[in-house]
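Colleague: give me a 3D structure for the following:
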Amino acid sequence: MSKRLLSLWLVAVGFWGPAVGPAVGQGTITVVLPQPLGMGSDMLHSFFYPIDINGDRVVDFTFEAGVTGLSLRTERANRVVIRSSPPPDLGGPVARLEEGAQIGPSLEPSLAWVSSDLRDGYVSPGEWKFAAIAIHLSTGT
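Modeller: So this is what the prediction gives:
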């Protein structure tokens, strides 16, 4: 086989290989905080808590504690696994996964991958795309 033909074949495999092969993925996520992470705000300001899950010095998720509750922003193309709510709702609560659960591109039918930016699925740095995960209501008592 000539070098040119071999090069063209390798380029074709590079473009088409991922499209024709099955998508297989597995991950292990282990996060151990040295101490529990306390989150809160005063009555006037929101406070932000960036989390770097894999230790690469790049923020993966940001929690926002505000007057009305606690919110989560998925940074860039990161996603969370949720337990889908029935229609017409979009989203649902973050899913609790058992130890040893397989994490991949396809999930069981009741689960879904979502971004805190439901429209675009990509959160640009500094973009205000927080999804409420806990709502606080104070009646003043």
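Colleague: show me what contacts Leu107?
Modeller: For Leu107, the contact set (CB atoms under 8 Å, 6 or more residues apart in numbering) comprises Val81, Trp113. (Glycine included, C-beta is placed from N, CA and C.)
Colleague: for the chain, which segments count as strands?
Modeller: Under the criterion DSSP state E, the chain contains strands at 47-51, 61-65, 69-74, 80-83, 111-114, 131-135.
Colleague: what's next to the second one, contact-wise?
Modeller: Judged by CB under 8 Å, 6+ apart, the contacts made with strand 61-65 from elsewhere in the structure are 39-41, 46-51, 53, 70-75, 78, 80, 130.
Colleague: same check on the longest one?
Modeller: Strand 69-74 is contacted by residues 39, 60-64, 80, 115-117, 123, 127, 129-136 when judged by CB under 8 Å, 6+ apart.
Colleague: now that strand against strand 131-135, angle please.
Modeller: 160 degrees (axes from the mean of the first three to the mean of the last three CA atoms, to 10 degrees).
Colleague: touching, Leu97 and Glu108? I think so.
Modeller: No. In this structure, Leu97 is not within contact of Glu108 by CB atoms under 8 Å, at 10.5 Å.
Colleague: picking up where we left off before, closest one to Gly92 among the strands of the chain?
Modeller: Minimum separation from Gly92 across the strands of the chain (CB to CB) falls at strand 80-83, 4.4 Å.
Colleague: ok, back up a step: show me which of the contacts of strand 61-65 are buried.
Modeller: Neighbour-count burial (16 or more other CB atoms under 10 Å) is assigned, among the contacts of strand 61-65, to Ser41, Tyr49, Leu70, Ser71, Leu72, Arg73, Thr74, Glu75, Asn78, Val80, Phe130.
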